[in-house]
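> attaching a predicted model along with its sequence, questions to come.
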Amino acid sequence: MTGLEDTRRLVATLVLLAMPAGILTFSCWNVQLPFSQWWQAAFTPDLDDPRQLVFHFSALPRATTAILAGTALGTAGLLLQQVLRNPLASPTTLGLEAGSQLAMTVALVMAPSLLDIGREWIALAGALIALGFVLLCAMRNRFSSIALVLAGLVTGLLCGALTVALHLLDQEYVSVLFLWGSGSLAQQDWSAPLAMAPRIGILLLLASIATRPLSVLSLDDENARSLGLPVAWIRGAGVVLAALLTATVTANVGVIGFVGLAAPQIAQFSGARRFLARLVVAPLVGALLVLSVDGAVGLLETVGVVDLPTGAATALLGAPLLIWLLPRLRRSDPPAVPSFGSVQLRNWPALVPALAGLLTLAILVAFFIGRTGGGWPAEGWHFTSLGDLIAVAPWRIPRTLVVMFAGAMLAAAGLLLQRITGNPLAAPEVLGIGTGVAFGMVLSLILAVTPSAVEQTLAGAVGGFAALALVLLASRKSGFAPDHILLVGIALSALLDAVVVAFLALGDPRATQLLSWIAGSSYAADWPNLMLTAILATALLPSTLVLTRWLDILPLGDAVTRSIGLPLPRVRLAIMGIASLLTASAVMATGPLTFVGLAGPHIARLIGVRRAVPQIVVSALIGALIMVVADTLARTVIAPRQLPAGLVAALIGLPYLVWQLGRKRS
């Protein structure tokens, strides 16, 4: 009876998924071409009828590509979840797609001749390198579910930051690369589906041949070995198959996010309990999901509403699914959050003048050191005379001081978040607050063509506050476990980032400027911008010192906090509000991609600064120092071209976060 109920539920699930896929695809095609002409257009299109040509060479290949991509990603996600025994494993959450995208971008921008080798091989190399990096980071935490997903998502962020850097270095290709990387299924001929179909077919055949040994991996390693199974070889084969499937899709259509996570889970919930059944159902579910999303996107494009990459649209569905799946993780897994030593630096007041001196020196270097476009890296450096400094002061001085204030505010915000969540890996960038601020500011651009700086700051603060509130609300059932808070924040970042990508894909002339800002650009800093940022920093940074008594008490736990009469909800609300305002003010100036909010408090803690007051002061100084150094490097290292300061800071902060994830828990 149970088997019959599972079958009924499975059929009902497939029917429910097939209905929107069929309706949306039919509606999209019917707008393009009347139903009566479909047969002729599919096989013998009239060369004098543009609509039939579009149907034959665009609509049909696009739907076929969607089915193939969904099938491949659904299978890849199932293989990863089976061999790693992790319900959150997927090409997206383990960084495979981001690694493939980075490898393809490197080849397209820096060495196009590598494409002669084959796009799939380049994408495969990127996916395997990213996966190896993830496994290396999670190894010391015994490959727990939390450790794997955290390392995968952070690796994806690092690959994404490097991809953005390459995009910005080649502005002439930025729009094409960006749309491709966002997962566009638009086709102009049958080349992509014809290239994908045989490869995916062969890989699916290999997966079906390995069904029995892969099924045994549902047992623990000891029982699997007792049955004579070479666990390491089978696990490696499954990972390679998943990487090949992912690389095939990414090389041809870009990143289609979260389908590999959703399809296996839907297959299991629908009644496919055995691995063989899931191997049949998961590809079908993946194909129907991508076909449904692409049908909706294609319909919106056909009626002229919006031109949205399919990959961005799938993230709108996948990120909420990731948040919903978090309670299914085993709480016995050792968290990947590193602990820190209890050493406390008692002579911290002597540290402040030293840091202030380093910051002053970094500012003077930023003011007086420049570089022309000579050879790299030794040529072209010069000392700016006082007279020349006066000439370049309107550009160099405001941008240096703006990033200084922004770095201090982000580091202070990161400290507040780490204290309120009890998570040493919390930061405005990791918990989705930076992306929430970006979402609020994008919304202000949509609602008002030319919003003022104050309006953008308020909109960003509301977006950041809402993002933090959602993270805490979604983590409430887990008892605000640090690992779950971090995962919810990264998932929310992916969700809000999809909305930002949708705006960038609209073809708005401000898109490239917005992309530079998201990457942490300080190009537009001027005297009014400096004045506003300085006023906000002067008002908000001292207000954090008022919270120091609360910040010292909160880490003791909710029970102690309530026992001394502290109004916990209002305290958290106040800290959240100030953290959001600090983040919004900093992000408005330098963009959300910096990771100074993570690195500043971490370095202060590693130095030995433990109490709230010295942590705020030292973290702010360290954050300001990192951003000034990052901006100087961004301006000079590849002169006359420049990189965003936030991106350079992220390339420092993200490896640091990965290193912390890889540390063995004390």
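Received, thanks.
> could you point out which element follows the helix or strand hosting Thr435?
Element membership for Thr435, per DSSP states H and E: helix 433-447. Sequence-wise, the next helix or strand downstream of helix 433-447 (DSSP H and E) is helix 453-474.
> between helix 433-447 and that following helix, find me the angle.
130 degrees (axes from the mean of the first three to the mean of the last three CA atoms, to 10 degrees).
> which strands and helices lie in contact with helix 453-474?
helix 433-447, helix 482-504, helix 527-546, helix 568-590 (3 or more CB pairs under 8 Å, 6 or more residues apart in numbering; DSSP states H and E). No exception for glycine: its C-beta is placed from N, CA and C like everyone else's.
> domain boundaries for the chain, per the record?
Residue ranges of the domains in the chain are recorded as 63-288+313-328, 397-662, according to automatic domain parsing.
> let me know which of those is the nearest to Thr360.
Ranking the domains of the chain by proximity to Thr360 (CB to CB) places domain 397-662 first, at 9.8 Å.
> distance between the helix ranked longest in the chain and the chain's centre?
In the chain, assigned by DSSP state H, the helix with the most residues is helix 386-421. Centre-to-centre, helix 386-421 and its host chain are 24 Å apart (CA atoms, centre = their mean, to the nearest Å).
> before we move on, what about stretch 618-630?
On CA atoms, centre = their mean, the centre of stretch 618-630 falls 24 Å from the chain's centre.
> in that stretch, what's buried?
Residues of stretch 618-630 classed as buried by neighbour count (16 or more other CB atoms under 10 Å): 618-630.
> nearest to Pro193, of these?
Nearest member of the buried residues of stretch 618-630 to Pro193, counting by CB to CB, is Ala630, at 43.7 Å.
> how about the closest one, phi and psi?
phi -60, psi -40 (degrees, to the nearest 10).
> CA atoms only: put the helix holding Thr435 into CSV for me.
The C-alpha coordinates for helix 433-447 follow below in CSV (Å, rounded to 0.1, in the frame of the first residue of the first chain):
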residue,chain,number,x,y,z
ILE,A,433,22.8,42.7,4.5
GLY,A,434,25.2,44.1,1.8
THR,A,435,23.0,42.5,-0.9
GLY,A,436,19.9,43.7,0.8
VAL,A,437,21.3,47.3,0.7
ALA,A,438,22.1,46.8,-3.0
PHE,A,439,18.5,45.6,-3.5
GLY,A,440,17.1,48.6,-1.7
MET,A,441,19.2,51.0,-3.8
VAL,A,442,18.3,49.2,-7.1
LEU,A,443,14.7,49.6,-6.1
SER,A,444,15.2,53.3,-5.5
LEU,A,445,16.7,53.5,-9.1
ILE,A,446,13.6,51.8,-10.5
LEU,A,447,11.1,53.9,-8.6
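> now do the buried residues in it.
433-445.
> repeat for stretch 109-118
109, 114.
> ditto for stretch 627-645
So for stretch 627-645, counting by 16+ other CB under 10 Å, buried means 627-636, 639, 642-645.
> A strand includes Pro555, no?
No. Counting by DSSP: H, G, I helix; E, B strand; the rest coil, Pro555 falls outside a strand, being helix.
> now for it: which residues touch it?
419, 422 (CB atoms under 8 Å, 6 or more residues apart in numbering).
> roughly how far apart are it and Asp189?
Pro555 is 60 Å from Asp189, where distance means CB to CB, to the nearest Å.
> tell me what the helix holding Thr435 is packed against?
Helix 433-447 packs on helix 453-474, helix 482-504, helix 511-518, helix 568-590, going by 3+ CB pairs under 8 Å, 6+ apart.
> among those helices, which gets the worst mean confidence?
When the helices and strands packed on helix 433-447 are compared on average pLDDT, helix 511-518 comes out lowest at a mean of 64.
> where's the most centrally placed residue in the chain, which helix or strand?
Central residue of the chain (CA atoms, centre = their mean): Leu157, 4.6 Å from the mean position. According to DSSP H and E, Leu157 maps onto helix 145-169.
> counting contacts, what elements does that helix pack onto?
helix 96-110, helix 119-139, helix 174-181, helix 482-504, helix 511-518, helix 645-662.
> try 7 Å this time
Packed against helix 145-169, as judged by 3 or more CB pairs under 7 Å, 6 or more residues apart in numbering; DSSP states H and E, are the following elements: helix 96-110, helix 119-139, helix 174-181, helix 482-504, helix 645-662.
> packing partners of the second one?
The criterion is 3+ CB pairs under 7 Å, 6+ apart, and the helices and strands that helix 119-139 contacts are helix 96-110, helix 145-169, helix 231-253, helix 645-662.
> distance between the longest one and the chain's centre?
Same thing as helix 145-169. Counting by CA atoms, centre = their mean, helix 145-169 comes out at 6 Å from the chain centroid.
> mind listing what's buried in that helix?
145-168.
> now the angle from that helix to helix 119-139?
Using the same axes, to 10 degrees: helix 145-169 against helix 119-139 is 140 degrees.
> Leu643 - that's part of a helix, no?
No. Assessed with three-state DSSP, Leu643 is coil; it does not lie in a helix.
> which non-adjacent residue is nearest it?
Ala634 (4.3 Å; CB to CB, 6 or more residues apart in numbering).
> how much space between the residue of the chain most remote from its centre and Trp190?
Relative to the centre of the chain, the most outlying C-alpha is that of Asp48, 45.6 Å out, by CA atoms, centre = their mean. Going from Asp48 to Trp190 by CB to CB gives 21 Å.
> before we move on, what about Met104?
In terms of CB to CB, Met104 sits 21 Å off from Trp190.
> and the end-to-end length of stretch 27-41?
16 Å (CA to CA, to the nearest Å).
> I figured Arg396 hits Val365, correct?
No. Using CB atoms under 7 Å as the test, Arg396 is too far from Val365 to be in contact (11.3 Å).
> pick out whichever of the two has more residues nearby.
Neighbours per residue (other CB atoms under 10 Å) separate Arg396 from Val365, with Arg396 holding more: 21 against 15.
> so who does that one touch?
Phe367 (CB atoms under 7 Å, 6 or more residues apart in numbering).
> at 8 Å instead, please
366-367, 389.
> if any of these are buried, give me the ChimeraX selection for them.
Entered in ChimeraX, the line below selects the buried ones among the contacts of Arg396, by 16+ other CB under 10 Å:
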select :366,367
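> could I get the contacts of Arg396 as JSON lines with distance to Val471 and pLDDT?
Listed next are the contacts of Arg396 as JSON lines, based on distance: CB to CB, whole Å; pLDDT from 0 to 100:
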{"residue": "Ala366", "distance to Val471": "35", "pLDDT": "85"}
{"residue": "Phe367", "distance to Val471": "39", "pLDDT": "86"}
{"residue": "Leu389", "distance to Val471": "44", "pLDDT": "74"}
